[in-house]
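Chemist: for reference, the sequence and a predicted model appear below.
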Amino acid sequence: MAVWIYDIYIHFVMHHNSEVRIGHSLNTQEKEFITRREQTVQECLKKLGIPCQDKVPKIALLGSGGGERAMLGLLGSLDGFKETGLLDCVLYLSGVSGSTWCMASLYQDSDWSTKLDSVREKIIDRLKGPAVSWSETFSKLKKYYKEKDIFSLTDVWAVLIVTSFVKESDQLLNASIYLSADPWVEITPYEAGYSLTGAFVDVSRFGSQFEEGSKKKDQPEVDMLYLQALCGSALADEQNIWEAIKDFFKNLFQRKEENLVEVWNEIPSSSIDDAGQILMDLVEMNLLTLKGKDTSDLDKTIRTNLLDGTLPSILVESEKRDYEDAGLLLNSPYISVLRQERDIDLIISLDFSDGDPFMTVKDIAKICKNQNIPFPKVIVPSGDIIMPQDFYVFEGYKKAPTVIHIPLFNTVNSDKVEEWRKKYSTFQLSYRADMIDPLLEVAGKNITNNKEKLMEEIRKIMKR
């Protein structure tokens, strides 16, 4: 299966004979993938008693953001699709924020869809296992600093925050995994760029520097942890992020919380104190910079204590482009699958959001109306916002795709929707081991309970 995940701003300057592809057409490799995948879809539909001769329906499965709740929700949903026999009907799998954490874990095995059970168990075992050690954490942070021309907040977020959720620190990006960041930008297994303006580069050049359309400088291989952080920075405002990290450090280094005891014992208290002070100084320096205040004293201290006189100027001044979790703009990856060139017939929207479980589909309906993109009318009964059902269909018309919308917590799989929402919040530390299986089960039931309804909508698409 292909991965499409949204979230990254990249700037390209056009030039003759450039390495930037200009145009809205699909990449040649993507077209070849679609041809191969359509054969799989056709065989799957035949097994389900839905024969298709001329045109295979193009189905896109979307996973919204929502932190670890979204990560586990997507994993449980995919398990449900496998159980119903519908997994191979899907042409595109796409996600933002927390859903990308799941996708990144899946795509560490390029054949994951054919052996989902074993891949799923590996992920669950890891999430239930111990946290990444502090020695690994600091080693990773130092590695990012030494190897990158631009050492940014995303690196800190990756090592200190994302690691605590995904519980791995050094997975490299293999040939079939690609993630991205902002609704109008996408990264596929083949290329990355702006879907709105139609400017793309080969994905192998992702992270490199370009000038006038030609590659100027390579960057080290991008690893999965960094990409997960890029796709899942839960706070958009830079100062808010630094404040959050500052509070995180205060709690971490001043309290020996129960789930940190084993990790805490790995290194001497003196090392903890030193490391904590260095990191706190780094955070404080960024906050002062944002406020336009002098940071020279902190700069000197950090140079002396940790970085041997080579602190990057990026921390105090630089021309930069900021990255933001797409989930903060539109918490589901609709934009990419709605590209006219992809010609999607059916969108299955898995919503793992906090708050209004229909916000994503209502927001994209408004965006599509403003952008003249075909999209069905979205009308949701007011009472369903608080107590949603488990299956909604917004009928497509003319060139608009049909949209199936499935809220994670609903009155069908539970009579205590609000309790589930409070128990599985977005902004909390990684879920306890005993919280994981119930969440996977709830997500899976949303699919298995609706197998016949899903098949009926596919039949309607075939007739249309």
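Modeler: That came through, no problem. Numbers count the residues shown, from 1 in each chain.
Chemist: any weak-confidence spans in the protein?
Modeler: Scanning the chain with the threshold set as pLDDT under 70 gives 1-17, 169-184, 196-197, 207, 212-213, 218-292, 299-300, 302-329.
Chemist: same thing but 50
Modeler: Confidence mapping of the chain against pLDDT under 50 gives the ranges 1-16, 171-182, 235-236, 255-272, 306-310, 312-319, 321, 323.
Chemist: now the strands: where do they sit in it?
Modeler: With DSSP state E, the ranges of strands along the chain come out as 2-6, 20-22, 59-63, 92-95, 185-187, 191-194, 199-202, 209-211, 214-217, 346-351, 392-394, 402-407.
Chemist: so what strands line up beside the fourth one?
Modeler: Meaning strand 92-95. Neighbouring strands of strand 92-95 in its sheet, by DSSP bridges, are strand 2-6 (parallel), strand 59-63 (parallel).
Chemist: so I461 versus M455, what's the distance?
Modeler: Separation of I461 from M455 (Cβ to Cβ, to the nearest Å): 11 Å. Glycine gets a C-beta too; all of them are placed from N, C-alpha and C.
Chemist: select, out of the strands of the chain, the one closest to S152.
Modeler: strand 209-211 (14.4 Å; Cβ to Cβ).
Chemist: list the buried residues in the closest one.
Modeler: Buried residues in strand 209-211, counting neighbours by 16 or more other Cβ atoms under 10 Å, are found at F210.
Chemist: which elements pack onto that strand?
Modeler: In terms of contacts (3 or more Cβ pairs under 8 Å, 6 or more residues apart in numbering; DSSP states H and E), strand 209-211 is packed against strand 214-217.
Chemist: what helices or strands is the strand it packs on leaning on?
Modeler: Judged by 3+ Cβ pairs under 8 Å, 6+ apart, the packing partners of strand 214-217 are strand 209-211.
Chemist: run me through the strand neighbours of the strand it packs on, direction for each.
Modeler: strand 214-217 (antiparallel).
Chemist: now the partner strand - C-alpha only, PDB.
Modeler: Extracted in PDB, the C-alpha atoms of strand 214-217 (Å, rounded to 0.1, in the frame of the first residue of the first chain):
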ATOM      1  CA  SER A 214      19.200  22.600  -8.300                       C
ATOM      2  CA  LYS A 215      20.200  20.600  -5.300                       C
ATOM      3  CA  LYS A 216      22.800  22.600  -3.400                       C
ATOM      4  CA  LYS A 217      23.600  20.400  -0.400                       C
END
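Chemist: doesn't S77 make contact with R120?
Modeler: No - between R120 and S77 there is no contact, the gap being 11.4 Å when judged by Cβ atoms under 8 Å.
Chemist: comparing those two, which shows the higher neighbour count?
Modeler: The residue with more neighbours, out of R120 and S77, is S77; 27 against 20, by other Cβ atoms under 10 Å.
Chemist: distance of the more buried one relative to D390?
Modeler: Distance of S77 to D390, given as Cβ to Cβ: 12 Å.
Chemist: what do those two both touch?
Modeler: Common contact partners of S77 and D390 (Cβ atoms under 8 Å, 6 or more residues apart in numbering): I406, N446.
Chemist: show me the helices in the stretch 1-150 of the chain, by range?
Modeler: Defined through DSSP state H, counting those that start in this stretch, the helices belonging to the stretch 1-150 of the chain, from first to last, are 28-47, 67-84, 98-106, 116-128, 134-147.
Chemist: measure stretch 367-379 end to end?
Modeler: The first and last residues of stretch 367-379 sit 15 Å apart, counting by Cα to Cα, to the nearest Å.
Chemist: same thing with stretch 150-167?
Modeler: Looking at stretch 150-167, the gap from its leading to its trailing residue is 25 Å under the measure Cα to Cα.
Chemist: got it, and stretch 351-363?
Modeler: Stretch 351-363: ends 13 Å apart by Cα to Cα.
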